[in-house]
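Q: sequence first, then the predicted structure, then my questions.
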Amino acid sequence: PTVMGDALHALLNPWNQLVAMPPFPFDLTRVTKVTIIGCGTSYHAGLVAKYWFETVARIPTEVDIASEFRYRGADMPQGGLAVFISQSGETADTLAALAYARKQGQHIISIVNVAESSMARQSDVSLLTQAGPEIGVASTKAFTTQLTVLACLVIALAARRGTIDRETEQRLCRALTEVPSRSNDVLNHDQRLAEIARQVAEARDVLYLGRGTGYPIALEGALKLKEISYIHAEGYAAGEMKHGPIALIDENMPIIVIAPSDNLFDKTASNMQEVIARGGKVIFLSDKAGIEKLGDVAAATVELPEVDPFVAPILYTIPVQLLAYHVAVLKGTDVDQPRNLAKSVTV
Ligand code: F1P
């Protein structure tokens, strides 16, 4: 397989312009459909990428959990691209799904952290996240680096397919290259998140809400809290809340709202008002503009930097990870080695 390390730097030159990717053994411009497969956190990265593939590269995209996809027997189209995401590159269900896609004649890209992994070996192209060793069992930096690699892939595809103009390509690349310094700004909120964690640590159940690319971040926030603090948490699409989970809301349930001020903000804001009207205590993750509009009705706010909406999911991941971490520390659980969890699920 073609192996590409340090994807971000391989793809962007210092002038924020996409440079030639190492040669793909197939023509990216002729891809008819993208199918993204992963488990757990890696699946959530795929859900974010679906928005990007569809809105930026304008390619029909499906995302599925490997343990479901591998048994479904789906017909995959000619010229389809199957993208497998896995921190370890050894997850059994994802490997089985990859073998299925291979039989279906798909082009295969894997996004993994380990170059020598089975998944990297079995792919046509392997994009490395370069996250370094993940010490904890629960994926954290694997997730943000998977998103970064996926963002690069989407820009490359969109530019080659002509679905974005040169100016947009440069704007998206610039937004990506600003992620490291904006991430540092987010890390400055660590103390604030540690304070907010006190309220969350008391709860029996926690709800995370988001829209657009904020929805998979809600799912990921809930997963991190479950994995390392053992508090029951659910991530929901904000607009789906009124179809069930709204019945759970009372003053004892913290609701984490992920709402950068993008084109979906007003919709999420109205869902947040519905929650507050029912006594829900909202922890509001937004930027300056969002907090100016709605910060005073929230129980707590965390002001994140104003960034291009394209990269917002990468940055909004950090506070939900930190929140889970601080809650786990308060609860005295083993953050790095949560009970019952294995770093790679190989059976
Ligand atoms: C997938 C995964 C992780 C999770 C835990 C168990 O692993 O579900 O997301 O945090 O470690 O496995 P991988 O396929 O990304 O290695």
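A: Yes, it's here.

Q: so who does the residue of the chain found nearest the ligand touch?
A: Nearest to the ligand in the chain, going by C-beta to the nearest ligand atom, is Gly40, at a distance of 2.2 Å. From N, CA and C alone the C-beta is placed, and that goes for glycine too. Taking C-beta atoms under 8 Å, 6 or more residues apart in numbering, we find Gly40 in contact with 139, 223.

Q: if we use 7 Å, what do you get?
A: Listed by C-beta atoms under 7 Å, 6 or more residues apart in numbering, the contact set of Gly40 reads Leu223.

Q: other SSEs contacting the helix or strand where Gln321 lies?
A: Gln321 belongs to helix 312-331 when assigned by DSSP states H and E. If you count contacts as 3 or more C-beta pairs under 7 Å, 6 or more residues apart in numbering; DSSP states H and E, helix 312-331 packs onto helix 141-161, helix 179-187, helix 190-201, helix 214-229, strand 300-304.

Q: go again with 8 Å.
A: Where contact means 3 or more C-beta pairs under 8 Å, 6 or more residues apart in numbering; DSSP states H and E, helix 312-331 is packed against helix 141-161, helix 179-187, helix 190-201, helix 214-229, strand 254-258, strand 281-287, strand 300-304.

Q: of all the ones you listed, which one comes closest to Ile65?
A: helix 214-229 (11.5 Å; C-beta to C-beta).

Q: the closest one to helix 190-201, inter-axis angle?
A: 70 degrees (axes from the mean of the first three to the mean of the last three C-alpha atoms, to 10 degrees).

Q: next secondary structure after helix 214-229?
A: strand 232-237.

Q: pull up the residues of the protein that are close to the ligand.
A: 39-42, 86-88, 91, 94, 137-139, 341, 343-345 (C-beta under 6 Å from any ligand atom).

Q: just the buried ones from those residues?
A: 39-42, 86-88, 91, 94, 137-139, 344-345 (16 or more other C-beta atoms under 10 Å).

Q: could you tell me which of those belong to strands?
A: Ser86 (DSSP state E).

Q: contacting residues for the residue nearest in space to the middle of the chain?
A: When C-alpha atoms, centre = their mean is applied to the chain, the residue found nearest the centroid is Ala45 (3.6 Å). Counting by C-beta under 8 Å, 6+ apart, Ala45 touches 38, 85, 111, 143, 146-147, 150, 216.

Q: quick one: it is in a helix?
A: Yes - counting by DSSP: H, G, I helix; E, B strand; the rest coil, Ala45 is located in a helix.

Q: for the spatially closest residue to it that is not a sequence neighbour, grab the count of nearby residues.
A: Take Ala45 and drop its neighbours on the chain: the residue closest to it by C-beta to C-beta, 6 or more residues apart in numbering is Gln146, 4.1 Å away. Residues within reach of Gln146, counting by other C-beta atoms under 10 Å, total 30.

Q: how far away is Gln146 from Val125?
A: 15 Å (C-beta to C-beta, to the nearest Å).

Q: likewise Val34?
A: Distance from Val34 to Val125, by C-beta to C-beta: 13 Å.

Q: could you pull out the strands in the stretch 1-150 of the chain for me?
A: Listed in chain order, the strands of the stretch 1-150 of the chain (DSSP state E, counting those that start in this stretch) span 2-4, 33-38, 61-65, 80-86, 107-112, 125-128.

Q: mean pLDDT for the ones you listed: which is lowest?
A: With a mean of 55, strand 2-4 has the lowest mean pLDDT of these.

Q: wait, doesn't Ile291 sit right on Val297?
A: No - the criterion here is C-beta atoms under 8 Å, and Ile291 misses it with Val297 at 10.7 Å.

Q: more neighbours, those two?
A: A count of neighbours by other C-beta under 10 Å puts Ile291 above the other of Ile291 and Val297, at 19 against 15.

Q: name the helix or strand for that one, please.
A: helix 288-294.

Q: elements contacting that helix?
A: Under the contact rule (3+ C-beta pairs under 8 Å, 6+ apart), helix 288-294 is packed against helix 265-277, strand 281-287, strand 300-304.

Q: now that helix: buried residues?
A: Counting neighbours by 16+ other C-beta under 10 Å, the buried set in helix 288-294 is 290-291, 294.

Q: separation between the closest residue to Phe24 other than its chain neighbours and Val297?
A: The shortest distance from Phe24 to any residue other than its chain neighbours is 6.0 Å, reached at Val125 (C-beta to C-beta, 6+ apart). According to C-beta to C-beta, Val125 and Val297 sit 48 Å apart.

Q: gap between the closest residue to Pro60 other than its chain neighbours and Tyr71?
A: If the residues on either side of it in the chain are set aside, Pro60 comes closest to Lys33, at 5.0 Å by C-beta to C-beta, 6+ apart. Per C-beta to C-beta, Lys33 is found 20 Å from Tyr71.

Q: before we move on, what about Ala328?
A: Taking C-beta to C-beta, one finds Ala328 at 34 Å from Tyr71.

Q: looking at the two, which is more packed in?
A: Ala328 (24 against 12).

Q: surely the more buried one and Ser229 touch.
A: Yes - using C-beta under 8 Å, Ala328 is in contact with Ser229, at 4.2 Å.

Q: most packed of the helices and strands packed on helix 288-294?
A: Neighbour counts (mean count of other C-beta atoms under 10 Å) averaged over each of those peak at strand 281-287, with a mean of 24.
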